[in-house]
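>>> what shape does this take:
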Amino acid sequence: MGALELASTPTTIPGLMLFELPVHADSRGWFKENWHRRKMVDAGLPDFGPVQNNISFNAVRGTTRGIHAEPWDKFISLATGRIFGAWVDLRDGPTFGVLFTAELTPGKAVFVPRGVGNAFQTLEADTAYTYLVNDHWSPEAQKTYTFLNLADEDVAVPWPIPLARAIVSEQDRNHPRLAGVSPMQKRRTLVLGADGQLGTALRQAYDGDTAVDFAGRRDFDITSEDSYRSLDWRDYSTIVNAAAFTAVDAAETPEGRAAAWSINAAAVSRLTSTAVEHSLTLVHTSSDYVFDGTKESHAEGEAFTPLGVYGQSKAAADIAVATVPRHYIVRTSWVVGDGRNFVRTMAGLAAKGASPGVVDDQFGRLSFAVDLAAGIRHLIESQAPYGTYNISNSGPQQSWADVAREVYRLCGVDPGLVHPVSTADYDKPGMAPRPTHSVLELAKITAAGFAPPDASQRLAEYLNS
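Predicted structure coming up:
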């Protein structure tokens, strides 16, 4: 069987896709591949993860069902017979109320996105209508359906058999007209860890977007089963996990080690199972600490070599997240945002005219939270290929001492007050090991259409603000 191709007839509804299904017939009957995941995805169908298969058998010509918009995606085809199909966009947006119709036989199939109303009328007796869905039916789920009257005058479906002579259930005859239909809202994005530096930047990036929910530790504790049970995951399409235990030195203590593994690894594993179970996209923030820093720069595919507990717990999380079919692992380094960070500390010391000793043999690039948030949003909205992406600011590598001197200069203080020290000289009891080189290669995120601004430009803007 060759690769599937979209039918030449375009649809008027975004996301609604019509397919040709090659049917191989001989004297015995016929055969077709009704569903082939790889071929469907190659042909442009979303990898929507079906979990239930339903069959509607209709014995009489003229049987008419719909118009129902369910809170899941559907892949519809026929085993026998012929239908007239009608689809109406009932999602909130500019195409609300748009109609598309087509005749389906066993040689055609249609992908119907969540929120698009679906209806059909049988044109032959003994028609078997089959459909895959990516969520399980339940009485609770049925309460979230959106219905439209089959005879709505504004949509004006051109039924081949007039509804007066068709077989229609009493319920389907009494659904509301378009003017009385509440559009189905798109699924929401849940941002976890919304009180941290990245979480704050994500709040700003999505300011005014009513389809994004923000949850700090008090709103959603990723280590608590009660938090997972408190949400109806059918309402969401995406989780952005910005929550983490980031006290690198504290992670080396017995209490900190337990917290790091609980929050950074075990809880993320729970998030991954939730994402898989409910066919969600999971966006997870990773760290340069998953590497030992012996290489001068790090590509996304480099093998993990973490030095300390923090890096080990983050590497474990990356391994878990990579099992989610729809995932983005966003690896970053040296984060600077609204909160406690190295740049703020140096600016405070500069204001006092202090002369700090700063490490000059650890190298990397700053990652400003505003750009990290913008990169995450770009990956989600552009539907970039799933996988791991490095995101930091661009520009030449710097040592921590280089950054400190630049902060002093921008603050109008003599950068010579910063005196360099080696990691060995700076090392203190209880300090976690650090990677020597934390520069992240940016070719992949740039190829995906997002070009991080230069770190020096962002540093000046950050201090001026």
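>>> please, where are all the strands along the stretch 351-465 of the chain?
Assigned by DSSP state E, counting those that start in this stretch, the strands in the stretch 351-465 of the chain fall at 357-359, 363-364, 367-368, 387-390, 398-399, 419-421.
>>> wait, which of those strands is closest to residue 45?
Taking CB to CB, strand 387-390 is the member of the strands of the stretch 351-465 of the chain nearest to residue 45, at 19.3 Å. To be clear about C-beta, it is placed using only N, CA and C from the backbone, and glycine gets the same treatment.
>>> deepest in the core, which of the strands of the stretch 351-465 of the chain is it.
Mean neighbour count (mean count of other CB atoms under 10 Å) peaks for strand 367-368 among these, with a mean of 28.
>>> that one: partners in the sheet, and parallel or antiparallel?
strand 335-336 (parallel) (DSSP bridges).
>>> what's the partner strand in contact with?
Residues from elsewhere that reach strand 335-336 (CB atoms under 8 Å, 6 or more residues apart in numbering): 197-198, 341-343, 366-369, 372, 459, 462.
>>> rerun that using 10 Å as the cut-off
Strand 335-336 is touched from outside by 196-198, 201, 246, 285, 287, 341-344, 366-372, 392-393, 403, 455, 458-459, 462, with contacts defined as CB atoms under 10 Å, 6 or more residues apart in numbering.
>>> now stretch 255-264
Contact partners of stretch 255-264, identified using CB under 10 Å, 6+ apart, comprise 193, 217, 221-223, 243-253, 266-267, 286-287, 308-317, 430, 432.
>>> rewinding a little: among the contacts of strand 335-336, name the ones in helices.
By the criterion of DSSP state H, membership of the contacts of strand 335-336 in helices covers 197-198, 201, 342-344, 369-372, 403, 455, 458-459, 462.
>>> beta partners for the spatially most central residue of the chain?
Centroid-nearest residue in the chain: residue 281, 3.5 Å away (criterion: CA atoms, centre = their mean). When bridges are called by DSSP bridges, residue 281 pairs up with residue 238.
>>> how close does it get to residue 351?
Distance of residue 281 to residue 351, computed by CB to CB, to the nearest Å: 43 Å.
>>> got a list of what the nearest residue to residue 402 once chain neighbours are set aside touches?
Closest residue to residue 402 apart from its sequence neighbours, by CB to CB, 6 or more residues apart in numbering: residue 360 at 7.5 Å. The contact partners of residue 360, taken as CB under 10 Å, 6+ apart, are 398-402, 404-405, 418-423, 426.
>>> would a markdown table of those residues with pLDDT and distance to residue 146 be doable?
Formatted as a markdown table, these follow (pLDDT from 0 to 100; distance: CB to CB, whole Å):
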| residue | pLDDT | distance to residue 146 |
| --- | --- | --- |
| 398 | 97 | 54 |
| 399 | 97 | 58 |
| 400 | 97 | 55 |
| 401 | 97 | 60 |
| 402 | 97 | 57 |
| 404 | 97 | 57 |
| 405 | 97 | 60 |
| 418 | 96 | 62 |
| 419 | 94 | 66 |
| 420 | 95 | 64 |
| 421 | 95 | 64 |
| 422 | 94 | 65 |
| 423 | 92 | 60 |
| 426 | 80 | 61 |
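>>> and which of those residues is nearest residue 176?
Comparing the contacts of residue 360 against residue 176 with CB to CB places residue 398 closest, at 61.9 Å.
>>> got phi/psi on residue 139?
phi -60, psi -30 (degrees, to the nearest 10).
>>> how many neighbours does it have?
Using other CB atoms under 10 Å, residue 139 has 6 neighbouring residues.
>>> also residue 85?
Neighbour tally, residue 85, other CB under 10 Å: 21.
>>> identify the bridge partners of it.
Applying DSSP bridges to residue 85 gives these bridge partners: residue 102, residue 120.
>>> spit out the contact partners of the residue nearest to residue 186 when sequence neighbours are not counted.
Spatial nearest neighbour of residue 186, excluding adjacent residues (CB to CB, 6+ apart): residue 211 at 5.7 Å. Counting by CB under 10 Å, 6+ apart, residue 211 makes contact with 92, 185-189, 236-238.
>>> could you rerun that using 7 Å?
Applying CB atoms under 7 Å, 6 or more residues apart in numbering, we find residue 211 in contact with 186, 188-189.
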